[in-house]
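Engineer: coords please:
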Amino acid sequence: MTNQTITPGSAAAALTGQAAKLQILGDLKLDPAGPFYQFVLAYLAASAGLTAVYDAAHYTDFLKGTVGIFPSPLAGVGAIVRLEPVVGLARDGITLPQPEAESRLACMLVNTAYESLTVAQQTGLKAHKEGESFRHSRHAASHGNKWHFLGNEPVRPAEWKGVVLGRANFQDKPFIHGTLTPGDLLFLLGDIEKLL
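Structural biologist: Sure, this is the predicted structure:
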């Protein structure tokens, strides 16, 4: 995720050195009552927090002295986590580099979005090459952020925005920050929502 200020009233901001333009959630045209809206909103909120976690120059004291409490009725006691060391582990550049954090969040998004669909919806998507791309993206997210094709997969055409998935050209290759970016994933979900 690259940070960029978007002028109010404009739908996109061009980034120096990048061919694509960023667009705000409103431009994605996700239906607030649709299947993916809440997942995308949670993903965007979590991703926005990466700015403060990784930008030590502007957020020097981010979460300093802060404790997170995660209730656990099953364990009988809540998990108490000091968050300052967590930020330190992210900022060390080795334990959890920012692209890795972005990839993991994006994989969680595609996984939960796909699994939130009914079996009938998942089955219906198989008739569309974009739906098959979504299904294989979910598999890649579940297999360590790498494309993973079993048996004779893909058995049906799997294509989205010119990316034609196949075992020969993608098996074990990186998914997020390899083939697709987190931004691509947002638009893929928008396209899938239209098919449902």
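Engineer: From now on I want contacts and neighbour counts done on CA atoms only, so please keep to that.
Structural biologist: OK.
Engineer: And what about the residue nearest the centre of the chain, helix, strand or coil?
Structural biologist: Nearest residue to the geometric centre of the chain (C-alpha atoms, centre = their mean): residue 106, 1.7 Å. Three-state call for residue 106 (DSSP: H, G, I helix; E, B strand; the rest coil): helix.
Engineer: pretty sure it contacts residue 177?
Structural biologist: No: contact criterion C-alpha atoms under 8 Å: residue 106 and residue 177 do not qualify, at 9.9 Å.
Engineer: where does this structure have its least confident helix or strand?
Structural biologist: strand 12-14 (a mean of 41; mean pLDDT, DSSP states H and E).
Engineer: burial of the closest residue to residue 65 other than its chain neighbours, as a residue count?
Structural biologist: Spatial nearest neighbour of residue 65, chain neighbours left out: residue 84 (6.3 Å); criterion: C-alpha to C-alpha, 6 or more residues apart in numbering. Neighbour count for residue 84, taken as other C-alpha atoms under 10 Å: 17.
Engineer: Can you dump the C-alpha atoms of the helix or strand residue 84 falls within in CSV for me?
Structural biologist: Using DSSP states H and E, residue 84 sits in helix 83-91. The C-alpha coordinates for helix 83-91 follow below in CSV (Å, rounded to 0.1, in the frame of the first residue of the first chain):
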residue,chain,number,x,y,z
LEU,A,83,1.5,-3.5,21.3
GLU,A,84,4.6,-1.4,21.3
PRO,A,85,6.9,-4.4,20.8
VAL,A,86,4.7,-5.7,18.0
VAL,A,87,5.2,-2.4,16.2
GLY,A,88,9.0,-2.8,16.8
LEU,A,89,9.0,-6.2,15.3
ALA,A,90,7.3,-4.8,12.2
ARG,A,91,9.6,-1.9,12.0
